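1. Just the structure for this:
(one chain, ligands or ions: 1)
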Amino acid sequence: LKVGVLISGRGSNLQSLLTACAASHFPARVALVISNRADAEGLRHAGDTGVTSLVIDHRNYPDRERFDAALDQALRAAGIELVCLAGFMRLLTPGFVTAWQGRLINIHPSLLPSFKGMHTHRQALAAGVRIHGCTVHFVTADLDAGPIIAQAAVPVGANDDEESLAARVLEAEHRLYPLALSMLASGRARLDGDRVILSDTFP
Ligand code: GRF
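-> Below is the predicted model:
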C-alpha cells in the first residue's frame with residue numbers, strides 16, 4: 001500500500017511510520033511526504049530515508065480549496081492510496097476529506113472523544129483524568145470526530161506536567177500509528193459507512 005504522510009513540523013510520528021515501513025514484512029510503504037512548511041524539521045526524516053518529499057506552502061494559495069486541490073493532485077500523481085496526517089496543522093476542506101474518505105487518517109494526542117482540538121495534555125490535566133492517551137481515527141469533516149481505528153492508554157502521574165505527559169503520550173503515539181497503519185494496510189480494519197470494521201482475527 002502506497003502511503004502519503006502530511007506534516008507541518010517536528011515529524012516524530014512520520015519517523016515512526018518510516019521506521020515501521022522499512023521492515024520487510026510491513027504491508028505499507030511511505031511513498032511521499034508533503035509539508036506545508038519549508039522549515040518543517042520532519043522533512044529531514046524523509047530525506048534520510050530517500051523518500052520523496054514536497055513542500056506545498058499554503059501561503060501560496062488564495063484559499064483552502066486551491067491549497068487542498070494542490071495536495072490532492074500531488075498525492076494522486078504519486079499514486080498514493082492512503083494518507084496519514086502526522087502533526088499536519090491545516091484544516092482540510094470537506095471536498096478533500098470526502099474525496100479521500102476511508103483513505104485518510106490522523107493521530108490525535110488524547111483518548112477521543114475526550115479533549116478534541118489543541119492543548120490536549122493541558123485539557124487532560126485540567127480535567128484530572130487518571131488515564132490519558134492517543135487515538136488514530138479516520139478523518140471526517142468534523143474536527144477530531146471521525147471513526148476510531150485504534151487507541152493507546154497512558155497513565156497520568158501525580159507529578160505530571162504538560163511536558164512530561166506529552167512525552168509519555170508521544171511514545172505511545174509512535175507505537176500506535178504504525179500499528180493502526182498495518183491494520184488498515186493488511187485489511188484487518190476498514191471503514192464501512194461511519195464505522196470501523198475489525199476482522200475477527202484481530203488482534
Ligand atoms: C503529535 O502529538 C500528534 O498527535 C499531533 O501533533 C503532534 C505531532 O508531532 N497531531 P510530530 O510532528 O509527529 O513529532
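2. rest of the way, CA atoms for contacts and neighbours
-> OK.
3. Excluding covalently adjacent residues, which one is nearest to Gly47?
-> What sits nearest to Gly47 in space, not counting adjacent residues and going by CA to CA, 6 or more residues apart in numbering, is Ser53, at 7.4 Å.
4. now swap in Leu92 and tell me
-> Asp68 (6.8 Å).
5. quick one: average pLDDT of the helix ranked longest in the chain?
-> If you go by DSSP state H, the chain has its longest helix at helix 162-185. For helix 162-185, the mean per-residue pLDDT is 98.
6. count of neighbours near the residue nearest to Gly47?
-> Applying other CA atoms under 10 Å, we find 19 residues neighbouring Ser53.
7. and it, what does it touch?
-> Each residue near Ser53 by CA atoms under 8 Å, 6 or more residues apart in numbering is listed here: Leu32, Val33, Ile34, Ser35, Leu43, Ala46, Gly47.
8. Next one: it from Phe67, what distance?
-> Separation of Ser53 from Phe67 (CA to CA, to the nearest Å): 17 Å.
9. Find me the pLDDT at the residue nearest to Gly47, would you?
-> pLDDT recorded at Ser53 is 98.
10. What helix or strand is the residue nearest to Leu92 located in?
-> helix 64-77 (DSSP states H and E).
11. and whatever helix or strand comes next after that helix, what other elements does it pack with?
-> Downstream of helix 64-77, the first helix or strand assigned by DSSP H and E is strand 82-85. Applying 3 or more CA pairs under 8 Å, 6 or more residues apart in numbering; DSSP states H and E, one finds that strand 82-85 makes contact with strand 2-7, strand 104-108.
12. quick one: strand 82-85 near the ligand?
-> No - Strand 82-85 stays clear of the ligand (CA under 6 Å from any ligand atom), getting no nearer than 7.6 Å.
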